[in-house]
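**Student:** from the sequence below, what's the structure:
(one chain, ligands or ions: 1)
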Amino acid sequence: MTTMTSTIPASIFDDITLETLSQRNGGKWLRYGRDVISACTIELDFPSSEPVQQRIIEMVTSGQTGYPDFPGPPVQLFEAWSNFSGRHFGWASDPAMSFCTDYVSNGLTESLKALLEPGTRVGYTTPGFMYLTAVIERAGMVPTTIAAIDPTDGANFMDLEIIEDAFRAGITAFILVNPYHPHGFVPSVEHLTAFAALADRYGVRIFSDEIYSPSTFPGVTFTPFGSLDAESARRSVTAVGAAKTWNLRSFPTAMLYTGDQATADALNTPGMKRSTASASYVGTEAMVTALNESDAWLDALTSYLEGNARIVENEFPALLPGAIISKADSGFAVWIDLNALGIDEPTAYFIEKGKVGISRGQAFGPQGFRCLRLNTGTPAHVIREIGKRMASAI
Ligand SMILES: Cc1ncc(COP(=O)(O)O)c(C=O)c1O
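**Tutor:** Here you go, the predicted structure:
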């Protein structure tokens, strides 16, 4: 990421009050009732960047809210990502091998369908983003979870011996989540390179979900999987989007790219074209603006999110004795292991006794027993209030 000093004050995030948030009618804030602080659904509580807001307002007030009906692929989107990736990650994806989709999840489903035989076993790691099960099943493939996450080591978060056992046992396709969710880990380039070498050795096709890459914290080096010098990296399909980092999930547009012509040709399916057609025109314009014109805001946001992650890491263990907290390097989720407290259903417990709603760890696989995923994409004062309420509940 760039290390430019932001000109945007943290007050744009700090000044949002809990009262305002609790009056919102979106799914996140309604889920547990207005008296419960919700830290579940991974969306930001903050408005998108000013240029994105302005672009959306322009689109709406000028009546440009109809069908996308692009005469060809939205090349401006592919170029915007390529330039963004070049500026922030030091490597540019190829606009000529890029595809527009509505949601990252649908883009992944369509690319699995395009590249794999029906019934292929597709692996992914747990505790992890269990929604991938639906992504894989919708493609007609068989999800296979691999319990390979080391919650204590963000740089080397996947146990490569366990991954190799899975590849040896017949996993020929794998969805990598990079940066990792829900722990917020950004793998080291060495770790990713070793993983790619394994994929090369076993001929495994990699699909890389990089939706959280723009939320990488300042000073942390994020490596796009497709940038690696490996056959599996060139043949990989990467999914990216602005829905998370710029809070744009209501305006569906996301993107895929590959580095291999044969893969790009295979992705030209009717299903992929349908998913391009269901992207939103406003969403596409918003994503282009986000990528091209929001670096200062992004700098302020990622610094703020880093601050929030450090609040949880540094302050929560004193409030929740024995809690183990993932050291996030990206995004707005942290993983809290509460095994030391011996509360079997911590989500239900803290909703009832502390009036805070935090995602249930077991939704990320059985290793999530007695764990929680906390959304940190909220004002710092809300994070501290969550900690206070949890402490008073135990
Ligand atoms: C790792 C990851 N990928 C994808 C998504 C969903 O993306 P989309 O809504 O564009 O399908 C999420 C949402 O929580 C996520 O955590």
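**Student:** and the residue with the largest distance to the centre of the chain, its phi and psi?
**Tutor:** Going by C-alpha atoms, centre = their mean, the residue of the chain most distant from its centre is residue 62, 31.9 Å out. Main-chain torsions, residue 62, degrees, to the nearest 10: phi -100, psi 10.
**Student:** distance of residue 362 relative to residue 311?
**Tutor:** 25 Å (C-beta to C-beta, to the nearest Å). All C-beta atoms are positioned from the backbone trio N, CA, C, and that covers glycine.
**Student:** cool, and residue 372?
**Tutor:** 16 Å.
**Student:** just residue 290 next, same as before
**Tutor:** On the measure of C-beta to C-beta, residue 290 and residue 311 end up 26 Å apart.
**Student:** contact residues of this protein facing the ligand?
**Tutor:** 42, 103-105, 129, 177, 181, 209, 211, 241, 243, 249, 254 (C-beta under 6 Å from any ligand atom).
**Student:** what about the residues you listed, which one has the most neighbours?
**Tutor:** residue 241 (30 neighbours; other C-beta atoms under 10 Å).
**Student:** which non-adjacent residue is nearest it?
**Tutor:** Spatial nearest neighbour of residue 241, chain neighbours left out: residue 254 (3.5 Å); criterion: C-beta to C-beta, 6 or more residues apart in numbering.
**Student:** what residues are up against that neighbour?
**Tutor:** Residues near residue 254 by C-beta atoms under 8 Å, 6 or more residues apart in numbering: 100-104, 107, 211, 239-243, 279, 287.
**Student:** all strands for this structure, in order.
**Tutor:** With DSSP state E as the definition, the chain shows strands at residue ranges 37-39, 98-101, 121-125, 142-146, 173-177, 205-209, 237-241, 254-258, 324-325, 333-337, 356-360, 371-375.
**Student:** right, and the ones you listed - which one's nearest residue 217?
**Tutor:** strand 333-337 (12.2 Å; C-beta to C-beta).
**Student:** excluding its backbone neighbours, what's nearest residue 151?
**Tutor:** For residue 151, the spatially nearest residue (C-beta to C-beta, 6+ apart) is residue 326, at 5.8 Å.
**Student:** what do you get for residue 214?
**Tutor:** Residue 214 sits nearest to residue 245 (C-beta to C-beta, 6+ apart), 4.2 Å away.
**Student:** where's that neighbour relative to residue 254, distance?
**Tutor:** 12 Å.
**Student:** same thing with residue 239?
**Tutor:** 6 Å.
**Student:** okay, and the common contacts of these two?
**Tutor:** Once C-beta under 8 Å, 6+ apart is applied, the residues that residue 239 and residue 254 both contact turn out to be 101, 104, 107, 211.
**Student:** the last one contacts residue 104, doesn't it?
**Tutor:** Yes. Taking C-beta atoms under 8 Å as the definition, residue 211 is a contact partner of residue 104 at 5.0 Å.
**Student:** hey, what's in contact with both of the two?
**Tutor:** Common neighbours of residue 211 and residue 104 (C-beta under 8 Å, 6+ apart) are 239, 240, 241, 243, 254.
**Student:** for the chain, which spans come out with low pLDDT?
**Tutor:** 1-6 (pLDDT under 70).
**Student:** centroid-nearest residue for it?
**Tutor:** Among the residues of the chain, the one closest to the centroid is residue 212, at 3.7 Å (C-alpha atoms, centre = their mean).
**Student:** got the contact list for that one?
**Tutor:** When contacts are counted by C-beta under 8 Å, 6+ apart, residue 212 is found next to 179, 181, 184, 244, 245, 330, 331.
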